[in-house]
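Undergrad: how would this look folded up:
(chains A, B, C and D)
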Amino acid sequence: MDLAHSPEEEEFRARLKEWLAKVLPTLPPKPSPDDWPGRRAYDLGWQRMLHDAGYAGLHWPVDAGGQGATPTQHLIFLEETEKAGAPYVGANFVGLLHAGPTIAAEGTPGQRARWLPPVLRGEEVWCQGFSEPDAGSDLAALRTRACRDGDDYVVTGSKIWTSHAEVADWCELLVRTDPHAPKHRGITWLALPMDAPGVTVRPLRTLAGSAEFAEVFLDEVRVPVANRVGDENDGWRVTMVTLSFERGTAFVGEVVACRRVLREIARTARANGRWDDPALRRRLGRLEAEFRALWRLTQWNVSEAEASGGVPGVGGSVFKLRYSQVRQRLYDAAADILGPDCLDLDRPWVLDRLSSLSYTIAAGTSQIQRNIVAERILGLPKGR
Amino acid sequence: MDLAHSPEEEEFRARLKEWLAKVLPTLPPKPSPDDWPGRRAYDLGWQRMLHDAGYAGLHWPVDAGGQGATPTQHLIFLEETEKAGAPYVGANFVGLLHAGPTIAAEGTPGQRARWLPPVLRGEEVWCQGFSEPDAGSDLAALRTRACRDGDDYVVTGSKIWTSHAEVADWCELLVRTDPHAPKHRGITWLALPMDAPGVTVRPLRTLAGSAEFAEVFLDEVRVPVANRVGDENDGWRVTMVTLSFERGTAFVGEVVACRRVLREIARTARANGRWDDPALRRRLGRLEAEFRALWRLTQWNVSEAEASGGVPGVGGSVFKLRYSQVRQRLYDAAADILGPDCLDLDRPWVLDRLSSLSYTIAAGTSQIQRNIVAERILGLPKGR
Amino acid sequence: MRFRLTDDQRALRDGVRQLLARRFDREALWAAVAAPGLDRALWRELGAAGFFALRLPEADGGVGLGLPEAVLAFQEAGRVLLPGPLVATHLAAGSVPGAATGEVVVAAVDGGLVEWLAEADVVRGEASGAVPVRSVDPLTPLHRVAAEGSPAPVDTGRAGGPLPAMGSPDPVAVLLTAAEQLGTATRACELAAQHARTREQFGQPIGAFQAVKHLCAEMLVRAEVARAAVYAAAVTADPVDIAAARLLADEAAVLGTRDCLQVHGGMGFTWESEVHLHLKRAWVRAQRGGANTESEDVLAADLPT
Amino acid sequence: MRFRLTDDQRALRDGVRQLLARRFDREALWAAVAAPGLDRALWRELGAAGFFALRLPEADGGVGLGLPEAVLAFQEAGRVLLPGPLVATHLAAGSVPGAATGEVVVAAVDGGLVEWLAEADVVRGEASGAVPVRSVDPLTPLHRVAAEGSPAPVDTGRAGGPLPAMGSPDPVAVLLTAAEQLGTATRACELAAQHARTREQFGQPIGAFQAVKHLCAEMLVRAEVARAAVYAAAVTADPVDIAAARLLADEAAVLGTRDCLQVHGGMGFTWESEVHLHLKRAWVRAQRGGANTESEDVLAADLPT
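TA: Have a look, this model is predicted:
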């Protein structure tokens, strides 16, 4: 058990901090949240800077164009960029964390050569077409149909909860290619060019009032068979590779950010007098315990992943279950410290409180995560 | 909506209080908890006093020897006896609240004449033989076998969680008479004389260290067919009549008692200084809100039962779900107010805290109660 | 003891429900979300139906009913997300001319906030210098006032004489808010159960999964416990009972709408779903009547020394 | 960063587990419940195995290991309900002759209570006039002392010189207690999962029902979060980290044993089931190291001004 970093890790951190200190002041102003082209340009620009400095695809294998960094280095990267206030991965999220690793693991040499470098260089944006209105928790029930027609698949259906769809070049798309097979065995993974005829994007407004997501409608869209990653009907297995990435270090930056928010909340409480209520103060103390523990759990999961040399396992579900609850408790505490101001959208944390409500739903509801933990770790039987 | 009582109800209350004030001082000293014969004598003596004063079987129909009192009168009775510190129903519980009402509803005239008067007069004690080691939540899975042999059933099996088995005269017993029928359709209700050859009672020690329950072992016990209430294989329906009684006003006295306990806890907190911790104080305030509401919910359920002229419905499950949680919260708060003394079994509430842990398990676990509420009130589908 | 709805109370509740179903249906709800603003015609219709004058003596032109009836009416209003300063106007029916009939809209300062200030004809409490707030609830415009507990009665309205400022919260206002929260809790439970019965995943309605089923069951339990507390407080009008009702109704509404969102999953997270409107309104109402710790203090103070 | 068990740590943990499985098996556990009293032979065997001298420098005859190793050993002790004043004796290994080898049993006053006073050879803190308490935990005899925080160091033991009284709780004692709680939380989760896999109701293992399955999942989550906190505090030895570890481990143990009881249903409510022994021990340990609100205060005080 050791929390100290090796000299190499410390050097990696020092170089990174030095670089961040140098380049962050040179960044252009942040675009407004509803300026999608501006956000695309900003996020790709940041990715290009990372690329030029040798930080692109840090955790990707070297033969995929990545840096082959250790999980610990990746953790340090996520921690320090968040602490320095660097841009979020933003529009590069799906490319760097879902589609890219999937192509790296399952694509042909030609597919890797075509799609991976533009992701790393900040030239192309990917989005994700997995969920459908009737396939949420039960993702494998997806019904978007793809029929083979010569060298193309002809795709019809609709996808939902697609971020950055308005400005994406590519969509990693799950389609049903065999409607008669058991539901997990008739799914195929395709790279859909977003400018293909028949693709319509409609913004989806969330309860927080923003349009962070979109619906994507597909009307007889032709996708070349060459854009298929993995075998026909093998897309579920291909997808699971992607999802296990999603449940790995995805929340590192957020935990760092939450700890900062907790400190800001404490400062506000001291300023507005609510700190004098011992119950509220102790609630913040307990939240500090939670976030310290979540940070340690992250370090533990990363160390285990490093030791096993592999992809993080169900530890991600354990982490997400607790984190999503604690994040909601954090913003509930913020509301109690704000008092009546918790109804003012212009106050800090009020929109975050609304957004935090999605954490027990998105990327696998808490109910689904509990099934995973109970069945895969504790060996409890599947329900009938 | 009215919480006031009618003049008749107020008169009923006044007479009851007057009687209680007169007779309670004449009661013999309470026997020790492990003196089962003493407890039997004490409880039967109290029932005899109730009988002589015209309070026996208050909520039973008149034609069964009861008083035919309204649910409101029954509520007043339970409230005032608890407030006055009168004895609990104790050994008369199953006779008055389970077996008796079942026989009154489903028995033949001969069975009613044989079994009901001794219950009302405090002459005979009943116990309950429903649960089995492998049939708890899934009561209908019970396996105690009864085979017809002439005018008798020959019964073999075992029962668990049987209170007062050591001193009971009769046991309301559920047995399987048709092992081939669907599990709810092969069950029969029998009145088992506890002195029959082949009946063995073994005390069952609980985690609180007491032997409040027993296991009952049945080895080829002969029970006359004449002791069967209802038809052969119709015992599940007969039983459900009984269980709906159990979920009615069963907790009235307890809620009254909990409110008294909460007040004692508050007094202790004021005395030992913990009252100065606003978080603890407010926790007690919130518990006061809970018990006020539970008392109102009881009054609501009783009023609804009075209006429908019938047996209380699933409102009992709603009540039990919340009550069992709040009772545990009450004793957890008591522990926090006791501090280190919460580990001392000689302090008040410490044993009660242990006992309260059974409330989310006994008489239908909270999990089962939530199924009932969701399926019967909200119309959610049964799981597969 | 007849602690249940009388036939008259049932008829009153059904009447309010029908009026609101007719005049504030789903279409009207979404129109109000899209274009916030008080529907004066609806307000007058509520007045005509006796919503504001419900507890005024018949001699004063009121309906002559009591708190239990008012609680039933406000529960219905809460259930359908009816917008407007309902509680403040109802409370002003006896003192502000025009309030009883719905001609005059009355707002009130409560806990440092004023709901519907810009639309109000009369404001109770010191609201001068109030600044608009970008409200979390699209159906409740809010202003923030500088400091609470104005020292002297001030009349900032256009009609009637000087009004007393609202110092410590009016127990009746707290109770009627609790009734609205109860309506929300009940509605959230209905919406969740409805979704759970119809939405299918993994080949069956999600309500067949215990994880969802038990979430719905707990919503119902919280709502029913709150109902008993709110109705009882309406009968007794006891401030301690009202404090209890407020705590339980807030909890049932705030947790219930959150669970309703969880049951709806991603679909509940969209703006188009009405789930968030209930959740946000529950948050708004939970701020009324002072911090809920004050209600806990009221109850604790009632425990013996 | 290698925040995981080293091979040596794994071997140490497995060694302790094997020793305890051999010397304190189920039979020994129930014998101890039936006839409370400290098994001196086992105590010496623990001493010989280095349980008490684990952190003493090798130059002083100790094992020369650190807090992480001690935490692993105490986690195993917690897991199997090992009785005796383990923490107090371990902490005294460097100052009380004989403690390191298990020849001398050391008890300590903590939070107004002393565990195992009658069996102890040496007591740290002012325990004169202590009165026996009928302990909720059949495996932990307790005495209550008159008042906390004795003014001056007092030696009430038979061996060694005067010892400092325990004033504010020793952070190492708090951490080792948290390690025991972690062992309990882990064990409770194992027991619940085992029961859920094998107990059948309604024609299937109860663990196939989400209501049971999700209870077990939350137990595991609490235990794993506590594990990360306890292990990290062992590495940093930072008092604020220790306060966090204590809160999370107490919660994981107290709620975990309660959920374990719920999963076991009636069977868990019997004396014969070991579930209640874990629950009661978790209650006993939660009283050590001061009220948990004090740990919350420690963490809050670390938040910035």
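Undergrad: C:Gly129: what secondary structure?
TA: What DSSP: H, G, I helix; E, B strand; the rest coil gives for C:Gly129 is coil.
Undergrad: look at the residue lying closest to it once chain neighbours are set aside and say how many residues are nearby.
TA: Distances taken as Cβ to Cβ, 6 or more residues apart in numbering or on different chains place C:Ala146 nearest to C:Gly129, at 5.4 Å, with adjacent residues excluded. (Glycine included, C-beta is placed from N, CA and C.) Per other Cβ atoms under 10 Å in any protein chain shown, the neighbour tally for C:Ala146 reads 12.
Undergrad: so C:Ala146 makes contact with C:Val114?
TA: No: checked against Cβ atoms under 8 Å, the pair C:Ala146 and C:Val114 is beyond contact range at 11.5 Å.
Undergrad: got any residues that touch both of those two?
TA: C:Ala130 (Cβ atoms under 8 Å, 6 or more residues apart in numbering or on different chains).
Undergrad: circling back: am I right that the residue nearest to C:Gly129 is in a strand?
TA: No: going by three-state DSSP, the assignment for C:Ala146 is coil, not a strand.
Undergrad: and the pLDDT at residue 121?
TA: I went with chain A, as the question did not name one. A:Arg121 is assigned 98 on the pLDDT scale.
Undergrad: chain C was what I was after
TA: 98.
Undergrad: again with the one 10 residues further on
TA: Turning to C:Val131, the model gives it a pLDDT of 96.
Undergrad: next one: C:Val172
TA: On the pLDDT scale, C:Val172 is placed at 97.
Undergrad: cool, A:Pro71 as well?
TA: In this model, A:Pro71 carries a pLDDT of 88.
Undergrad: now do the contacts for it.
TA: For A:Pro71, the contacting residues are A:His59, A:Thr249, A:Val302, A:Ser303, A:Ala305, A:Glu306, by Cβ under 8 Å, 6+ apart.
Undergrad: that one and chain B, how far apart?
TA: Taking Cβ to the nearest Cβ, to the nearest Å as the measure, A:Pro71 falls 40 Å from chain B.
Undergrad: quick one: secondary structure of A:Ala86?
TA: Following three-state DSSP, the label given to A:Ala86 is coil.
Undergrad: hang on, the earlier thing: in helices only, show me the contacts of A:Pro71.
TA: A:Val302, A:Ser303, A:Ala305, A:Glu306 (DSSP state H).
Undergrad: okay if I get those residues as a markdown table plus distance to B:Pro179, neighbour count and pLDDT?
TA: A markdown table is the format used below for these (distance: Cβ to Cβ, whole Å; neighbours: other Cβ atoms under 10 Å in any protein chain shown; pLDDT from 0 to 100):
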| residue | distance to B:Pro179 | neighbour count | pLDDT |
| --- | --- | --- | --- |
| A:Val302 | 57 | 26 | 89 |
| A:Ser303 | 56 | 21 | 90 |
| A:Ala305 | 54 | 23 | 84 |
| A:Glu306 | 58 | 20 | 84 |
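Undergrad: any chance of those in TSV, plus distance to B:Arg15?
TA: Putting these into TSV (distance: Cβ to Cβ, whole Å) gives the following:
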residue	distance to B:Arg15
A:Val302	75
A:Ser303	75
A:Ala305	76
A:Glu306	79
